[in-house]
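Participant: Using only what follows, build the 3D model:
(chains A and B)
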Amino acid sequence: MRNRELANIFNKIGDALEFKGEMPFKIAAYRKAARILEDLTEDIEVLWKAGELTSMPGVGTGIAKKIDEYLRTGEMKKYREAIEGIPPGLLVLLNIQGMGPKTLRLAHGKLGVKSKADLEHVIEDGRLARLPGMGPKKVENIKKGLEVFTAEEKRISIGIALPLVEEIIEWIKKAGVQKVAPAGSLRRMKETIGDIDILCASQRGSEIIEHFTNFERTDRVLAKGETKGSIVVKEGHQIDLRVVPEECFGAALQYFTGSKPHNIKLRSIARERGLKISEYGVFKGDRRVAGREEEGVYSILGLAWIPPELREDRGEIELGKVPELIDYNDIRGDLHIHSRYSDGANSVREIAEFAKELGYEYIAITEHSKSAKYAGGIDERKLEAQMAEIDRAQGEVGIKIFKGIELEILKDGSLDFDDDILENLDIVIGAVHLFLKQDMTGPILRACSNPNVDVIAHPTGRLISRREGYKVDMNKVIEHAASTNTALEINAYYDRLDLSDVNAKRAKESGVKILLGSDAHNLGMMGAMRFGVGVARRAWLSKDDVLNTLLAAELESWLKDRV
DNA sequence: GCCGTTTTCGGCCCGACTGTTTTCAGTCG
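Facilitator: Take a look at the predicted model:
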C-alpha cells in the first residue's frame, strides 16, 4: 500500500505552497487529497490500475495525474518544484503553535532562519521580536510553542484520555452544572487523542472556569477567561474547557466534536440551504433556527443525527440514515483473557466472578502457549490442569467459560500445539508475539488455513506510539481470513486497538467476522472492552459483524461449524 | 486544485482571539 506515502507527499506540497503564499484553496485541495488517501480503505494502486482515481470526490484531473506520475515513475514533478529552494527542516517548524506560514516566511526571508536552532537563536537575541508585525508577546507565544514542539507527538491513547476526562467532568459537575460532555476526537472515540476538549452549558462562565482550573491534579493554568479555560495536568496532558449558554449547547457540541472535514461538509450543505452554522447555532439571517440540541443542527439540514464515531466525512453524511452500530451493551462476553496460569494476575474463578458482575454471559480463558516464554506461556500439561479448574469455576460461578488458548504462531507458520490438542479446545486465537522483525504475512496466512484456528489476535502487532508492528500485508490477511472464515480481533487493550478502525472497516466489507477481546491480564483491564467497541463503531460495525454479541449457544455453534 | 444541470468560471466554512495596529493580519480550532 502506497496510500500513506502519497498522502505524505501531498501534505508536504500543501506545507510548501502555504509557505510560498500560494492560493489558499489550492493548498486546501492538496490537503484534502492527502486526507482522502489516508482514509482510503482500498489500495490506491488498485484504483489507479482500474483508471478510477477521479472517482474519489476531491480528486480531479490534476491530482489524478500527479498520482499516476508518482506510481509510474516514483517521482512527482510538482512536489520537486514545490519544495525547491526550501531548506529541509524548515517546514516542520509550521507545527509550532503560534508559528504560521506568514511568520515563518518572514523569519526565513529577513533573518535567514533555516532550522529550529536558528529560530531559537533569533528569539534569544531579540531579532525576531523586532520584525514588522512582531512583538514581545508574539515571540513569547512562539517560544512556548517551541517547548511543546520539542516534546511533540504525544497524542494520548483513548484508554488514558477517557478515564482522565471522566474524572475531570465529575469535578466540573461539583460546580453545580448539569450539562458537561467531552467533545473533539475523544467523543469520536479516535484511537489517539491530541487535545482534550470538554464542553459545558452555563451562564456562570468565569466561575465554572475558575473551579475547573482548581482541579486537584492541575500542574499549570494556561488560560482562564469567561468562556474558555485551559490547564495542563500533572501527567502532562492539556485539557480545554469551553462554557457556552444553554441555548447554544447542541451547536457547540456538534461544532467542537468535529471532525473538521465533517463540519466543513455540513456547513456547505447549510450554505446551499441559505443557512449558516457556527458554534452558536444554525442561523437564517440573524435568526437562530437551531442549536439547543445537537439533533436539531442535523435535522434542519435534512439529516438524521450522526453518531460521533462516524463523523469523519467518510460517506456518513451522504448516507441519509443512521447505520445500526454495535453498542457496548450488545457485548455478551470477553473471549481473550489471561489468568494466573500464564501472565495474568487473577484466578479463573476471580475472572469468572468479575465477568458476571459486568453482566457477561460467557468468557474464554486464553493463556499464552509455551513458546511465549516471556509471558509464562503454558505447555500441554498445564493446559490440561487448567481445563479441570475451568470446569470447577464454571460450576461454582454459573457462567459459561470457554476453554481457549492464545496460540503462538511461529516463524514458519507452524503452531505451538499439535492439532490433537487444539481440537479439544473451544476457541483458538492465533497470535504473533515473536519474530517481530520479519514479514509475518506468510505465517499468519498459514495459521488461518488451519481449521483449528478460529481467530487471529491483534493482527498487525502494533503498539500505539511505541511500536509499528511487524511487517504484514493486511489486504492478504483480510482476503484469506474471509476465505477460511477466520475471525480477526479488535484487541481492546488501549495500547493496541489492533485491528485499527480502518482495517476493521475493510475486513467487514470483505465479510470477515470480528472478535472483540480485552486481552486482560487483570480484572481492571477487562474494562478496556469499551475502547474496542469505540473502534468497532468507528469501523461502522454492527452487532452482526461481531462474534461476542452472540448468545453462548450461537457462538458455540459458530466455533464448531465455521469451517 | 476541485466542482457543477441554474454555473466550465468563480466560487470554495466560520468565528474568536491575539497582538499589533489605529482598522486589521495572522493563527487557531
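Participant: from here on, contacts and neighbour counts on C-alpha atoms
Facilitator: Fine.
Participant: Now do the phi/psi pair for residue A:125.
Facilitator: Dihedral angles of residue A:125 (phi, psi; degrees, to the nearest 10) stand at phi -90, psi 0.
Participant: tally of neighbours for it?
Facilitator: The burial metric for residue A:125, expressed as a neighbour count using other CA atoms under 10 Å, is 9.
Participant: what's the answer for residue A:43, then?
Facilitator: A count of nearby residues for residue A:43, using other CA under 10 Å, gives 13.
Participant: can you tell me how far the closest residue to residue A:127 other than its chain neighbours sits from residue A:118?
Facilitator: If you skip the residues right next to it in sequence, residue A:127 has residue A:111 as its closest partner in space, 7.9 Å away by CA to CA, 6 or more residues apart in numbering. When distance is defined by CA to CA, to the nearest Å, residue A:111 is 9 Å away from residue A:118.
Participant: ok, now residue A:381?
Facilitator: When CA to CA is applied, the distance between residue A:381 and residue A:118 equals 64 Å.
Participant: Also residue A:283?
Facilitator: 47 Å.
Participant: Looking at chain A, which strand is longest?
Facilitator: The strand that spans the most residues within chain A, counting by DSSP state E, is strand A:400-408.
Participant: now what about that strand, what contacts it?
Facilitator: Applying CA atoms under 8 Å, 6 or more residues apart in numbering, the set of residues contacting strand A:400-408 from outside is A:335-336, A:352, A:361-372, A:387, A:390-391, A:394, A:415-417, A:425-433, A:457, A:552.
Participant: Stretch A:511-528 too?
Facilitator: Outside stretch A:511-528, the residues that touch it by CA under 8 Å, 6+ apart are A:159, A:334-339, A:343-346, A:351, A:354, A:455, A:478, A:481-482, A:485-494, A:504, A:507-508, A:529, A:532-533, A:545-548.
Participant: quick one: that stretch to chain centroid distance?
Facilitator: Averaging C-alpha coordinates over stretch A:511-528 and over its chain gives two centres that are 16 Å apart (CA atoms, centre = their mean, to the nearest Å).
Participant: One more: stretch A:217-229?
Facilitator: When distances are taken as CA atoms, centre = their mean, stretch A:217-229 is centred 27 Å away from the chain's centroid.
Participant: Straight-line length of it, end to end?
Facilitator: From the first residue to the last, stretch A:217-229 extends over 15 Å; the measure is CA to CA.
Participant: Show me what counts as buried in that stretch.
Facilitator: By 16 or more other CA atoms under 10 Å, the buried positions in stretch A:217-229 come out as A:218, A:219, A:221, A:224, A:226, A:227, A:228, A:229.
Participant: again, but for stretch A:112-128
Facilitator: Buried residues in stretch A:112-128, counting neighbours by 16+ other CA under 10 Å, are found at A:113, A:114, A:115, A:116, A:118, A:119, A:122, A:123, A:128.
Participant: what residues are up against the residue sitting nearest the centre point of chain A?
Facilitator: In chain A, the C-alpha nearest the mean C-alpha coordinate belongs to residue A:191, at 2.3 Å (CA atoms, centre = their mean). For residue A:191, the set of contacting residues under the criterion of CA under 8 Å, 6+ apart consists of A:157, A:158, A:494, A:497, A:500, A:535.
Participant: Show the pLDDT at the closest residue to residue A:129 other than its chain neighbours.
Facilitator: Here the nearest residue to residue A:129 in space, its sequence neighbours aside, is residue A:135; by CA to CA, 6+ apart that works out to 4.7 Å. At residue A:135, the predicted lDDT confidence score is 90.
Participant: Residue A:146 versus residue A:135, what's the distance?
Facilitator: Using CA to CA, which is the criterion applied here, residue A:135 is 17 Å from residue A:146.
Participant: what's the burial count for the residue in chain A that DNA strand B sits nearest to?
Facilitator: As assessed by CA to the nearest atom of the strand, DNA strand B sits closest to residue A:135 within chain A, at 2.5 Å. Taking other CA under 10 Å as the criterion, the count of residues near residue A:135 is 13.
Participant: do the one 4 residues further on as well
Facilitator: The burial metric for residue A:139, expressed as a neighbour count using other CA under 10 Å, is 21.
Participant: Where does it sit, in terms of helix or strand?
Facilitator: In this structure, residue A:139 is located in helix A:136-150 according to DSSP states H and E.
Participant: Adjacent strands (with direction) for whichever helix or strand comes after that helix?
Facilitator: Taking DSSP H and E as the definition, the helix or strand that follows helix A:136-150 towards the C-terminus is strand A:156-157. Partner strands and pairing direction for strand A:156-157 (DSSP bridges) are strand A:192-193 (antiparallel).
Participant: residue ranges with poor pLDDT in the stretch 101-250 of chain A?
Facilitator: Across the stretch 101-250 of chain A, residues meeting the criterion (pLDDT under 70) sit at A:150-154.
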